[in-house]
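Trainee: structure of the sequence below:
(one chain, ligands or ions: 1)
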Amino acid sequence: MSKVTVIGAGNVGATVANVLAHKDLVKEIVLVDIVGDLAKGKALDTWQQSPIDHYSTSIIGTNDYRDTKNSDIVVITAGIPRKPGMSRDDLITTNANIVTSVVKSIMEYSKNPIIIIVSNPLDVMTYAAYKASGLKRNRVFGMAGILDTARYRAFLATELKVSPKDIQALLLGGHGDTMVPLPRYTTVAGIPVTDLVSKQKLDAIVERTKGGGGELVKLMGTSAWYAPGAAAAQMVEAILKDENRVFPVCAKLDGEYGLKDVFVGVPVKLGKNGIEKMIQLKLNNQEQKLLQDSASAVKEVMNVFDKI
Ligand code: APR
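Mentor: Down below sits the predicted model:
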């Protein structure tokens, strides 16, 4: 049985911990936040849900990293949201400092954890964590692709009036406007989606997916947490059960897709060692160009981080 630490007990972190507890596959979850007793309160609330929803996973909240000792997996959701008047570079600097300090504290108490990053801007925060941890690239990666494909699949399910369960899809690239959708890899119970929906409608759905995060910020005044939390918990599950599930995750490329030293979303197999294998698709010219553009946009932000 294993130990999972979730850093940040805000909306996303608390959801990751809660969803994970419901899966009942972890012995212990440690929820960490710098804000006073927030983590303690949310952990206690989730623990008090256990007799109702029937799980044995124990969960504690803390602001002391000694409690994270010997974690198998660490999910990082700590950070601050962008505030009015704050430039993108300021946000990168602030969150990169938070992620870097969190990772250093984690590494003091856990030798070889797997680290999953959720904090935004995702691709560069994954880079920051990779650098601060000194871990191999198969053990540090980011959650974006599962969320982005989930949004895309949900929109398609609404359009086609089918169960979202039957929609399979894949997206590549950075988390944001430059994500690279791959309609030719999208199916409904094995039927190519292009047979079921017009190009015009599909393009509109792709555009809505690209702005999927922003749509929710507009509706709620803050960013989403149910789907992001569930997506991160699904990655933890795939690793703990050594499932070799195929998911798009934000990973460091070392020559794959003709790209090097950049963190972007690609399909991988997730198992007990984290990224067990990166899957290389045969992209057409247009897809390859979109991926390259997306990687260049991420690289620019990585350069901002390098100058900090
Ligand atoms: N160590 C631990 N926790 C921290 C630290 C730190 N150094 N700095 C900030 N936090 C905590 C905050 O106290 C807060 O409780 O991180 C939490 C973030 O929670 P929210 O503000 O509710 O943000 P949330 O919606 O959970 O999003 C977290 O995930 O999806 C991304 O874009 C999102 O980057 C954001 C992150």
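Trainee: the nearest residue to G212 once chain neighbours are set aside in helix, strand or coil?
Mentor: Nearest residue to G212, sequence neighbours excluded (CB to CB, 6 or more residues apart in numbering): R151, at 4.0 Å. Placement of C-beta: from N, CA and C, glycine included. Here R151 is recorded as helix under DSSP: H, G, I helix; E, B strand; the rest coil.
Trainee: do the same with V4
Mentor: In three-state terms, and counting by three-state DSSP, V4 is strand.
Trainee: OK, contacts around it?
Mentor: By CB atoms under 8 Å, 6 or more residues apart in numbering, V4 lies in contact with 20, 26, 28-30, 71-75, 236, 240.
Trainee: V102 now?
Mentor: 7, 76, 78.
Trainee: if we can go back for a sec, which ones are touching the residue nearest to G212?
Mentor: R151 makes contacts with 208-209, 212, 227, as judged by CB under 8 Å, 6+ apart.
Trainee: among those, who's most crowded?
Mentor: Highest neighbour count within the contacts of R151, by other CB atoms under 10 Å: T209, with 23 neighbours.
Trainee: surely it is in contact with G176?
Mentor: No. Between T209 and G176 there is no contact under CB atoms under 8 Å: 11.0 Å.
Trainee: where in the stretch 101-250 of the chain is pLDDT low?
Mentor: Scanning the stretch 101-250 of the chain for pLDDT under 70 picks out no residues.
Trainee: what about the strands in it?
Mentor: Taking DSSP state E, counting those that start in this stretch to define them, one finds strands in the stretch 101-250 of the chain at 114-117, 140-142, 167-168, 171-172, 180-181, 187-188, 191-192, 245-254.
Trainee: mind listing what the fourth one pairs with, with the direction of each?
Mentor: Same thing as strand 171-172. strand 180-181 (antiparallel) (DSSP bridges).
Trainee: swap in the third one?
Mentor: Each strand that strand 167-168 pairs with, and the sense of that pairing, follows from DSSP bridges: strand 187-188 (antiparallel).
Trainee: between the two ends of stretch 57-70, how far is it?
Mentor: 17 Å (CA to CA, to the nearest Å).
Trainee: before we move on, the earlier item: nearest to the ligand, out of the strands of the stretch 101-250 of the chain?
Mentor: strand 114-117 (9.0 Å; CB to the nearest ligand atom).
Trainee: find me the pLDDT at whatever residue of the chain ends up closest to the ligand, would you?
Mentor: The nearest approach of the chain to the ligand comes at G10, 1.7 Å away (CB to the nearest ligand atom). As predicted, G10 sits at a pLDDT of 97.
Trainee: now M1
Mentor: 67.
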